[in-house]
Structures are given as C-alpha cells and as structure tokens.
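Enquirer: Okay, sequence plus prediction incoming.
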Amino acid sequence: MSAFLLFLYLLKATLTSFSGLASLPILRQDLVLHHAVLTDRQLNTAIVVSRMTPGPAGLYLVSVGYFVDGVAGAVAGWLAMIAPALLMIPLIRLMGHHAAHPRARSMLQAVVLASVGLLWASSVPLAREAVRDPLTIGIAVATVILLALRKIDSIWIILGAATLEIGAASVHLVSRIGG
C-alpha cells in the first residue's frame, strides 16, 4: 500500500471518529480485515506504544503508519492525525456560536455514543488476540475493575500489567513475553 493511500485511509478514520482511539474500528476494518496490511497484534502494539508515550491519544496512528509502510507510513499517520485539528480551527470559528443549541448538543452526544459502540466492537477482537492465559485474563479483569472503581491514569495500569507479565515470565509462570 502506498503512503498516499495509507494517508487517505488514516485520514478517513480520523475525520469520522472525533477522538483518538475512536478511529480504531475504522482502521481495523480497513487495514486489518479488508487490505490485510496490518495484523491485530501490530494494532495492539501501536496502541500500547502510544499509551506509554506522552502525546495525544491518536498518536497510535503514527505507529500504525510505520507498521504498514515504514517511515513514509509514519509521516502519513502523523499528517492524518493532525489534519482534523487543523480543519477544526476554521470550523469552530464559523460554527462556535451554534454549539449550545439543543440539536447540536444532541447530535454530538449521538456521535459520542456511536463511537463508544464502535470502539467496544473493535476492542473485542483485539482483546482475543492479547488475552491468552490466566495471567492476562486476570490483568484484564483487574483493569476493568480498577477503571470502574477508581480514576487511575492509564500509564499506571500499563506499567502494572507489564511488571506482572515480566515478573511471571522471570519465574516461568508464563512462557512468553509479547508472544
């Protein structure tokens, strides 16, 4: 896949999702299922890498681009990530005073709810790829419980899970790290 075509797919995902990881279902459909230029494992890796680094939630697009087409793909991902923000500046200027209108707020709420549903639907196959043994099942369950009961920054969840996985591998409770 060319860097330009990749850019168009990534741009489509960012323009139709309205927030960082909400583009995940569209990307999975286009790049993993339809074109098969990316695997679920690579998509998971891209998300983990971006969650462990500072920056916007949509930063995973740069990693996705890199997995598909190297440095040119990473540049395409970065351009697709920043394009909606650049397009929003004039849109906010033109439409800003209508944002408080009940119809506009209802439309925005509907988009958010649809994005949540799409994100959930794409997360299940990715979870199947990542959750393979009792330890990862425990980590997934603990993560859901912690996030439901407490407001914890995702970096602590990621670091805790990584520590558990590395610790379990070092005492041979699991036979692999990342594979």
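Expert: Sure, I can see it. These numbers come from a predicted model, not from an experiment.
Enquirer: okay but residue 123 is in contact with residue 22, surely?
Expert: No: assessed by Cβ atoms under 8 Å, residue 123 is found out of contact with residue 22, at 11.2 Å. (Each C-beta comes from the backbone N, C-alpha and C, glycine too.)
Enquirer: Neighbour count: these two, which is higher?
Expert: Taking neighbours as other Cβ atoms under 10 Å, residue 123 and residue 22 compare with residue 22 leading, 22 against 15.
Enquirer: Could you pull up the contacting residues of that one?
Expert: 115, 118-119 (Cβ atoms under 8 Å, 6 or more residues apart in numbering).
Enquirer: Please flag which of the residues you listed sit within helices.
Expert: Of the contacts of residue 22, the ones assigned to helices by DSSP state H are 115, 118-119.
Enquirer: Would you format those residues as JSON lines with neighbour count and distance to residue 159 included?
Expert: Output for those, formatted as JSON lines (neighbours: other Cβ atoms under 10 Å; distance: Cβ to Cβ, whole Å):
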{"residue": "115", "neighbour count": "19", "distance to residue 159": "27"}
{"residue": "118", "neighbour count": "19", "distance to residue 159": "28"}
{"residue": "119", "neighbour count": "17", "distance to residue 159": "23"}
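Enquirer: Dump the residues you listed to JSON lines, plus distance to residue 155 and pLDDT.
Expert: Shown next, in JSON lines, are the ones in helices among the contacts of residue 22 (distance: Cβ to Cβ, whole Å; pLDDT from 0 to 100):
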{"residue": "115", "distance to residue 155": "23", "pLDDT": "73"}
{"residue": "118", "distance to residue 155": "25", "pLDDT": "74"}
{"residue": "119", "distance to residue 155": "20", "pLDDT": "75"}
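Enquirer: Pick out the residue nearest the middle of this protein.
Expert: Centroid-nearest residue in the chain: residue 21, 3.5 Å away (criterion: Cα atoms, centre = their mean).
Enquirer: pLDDT on the lengthiest helix in the chain, on average?
Expert: Longest helix of the chain, by residue count under DSSP H: helix 60-95. The predicted model assigns helix 60-95 a mean pLDDT of 87.
Enquirer: Pull out the buried residues from the lowest-mean-pLDDT helix or strand in the chain.
Expert: Using mean pLDDT, DSSP states H and E, helix 102-130 stands out as the lowest-scoring helix or strand of the chain, at a mean of 77. Buried residues in helix 102-130, counted by 16 or more other Cβ atoms under 10 Å: 115, 118-119, 122, 126, 130.
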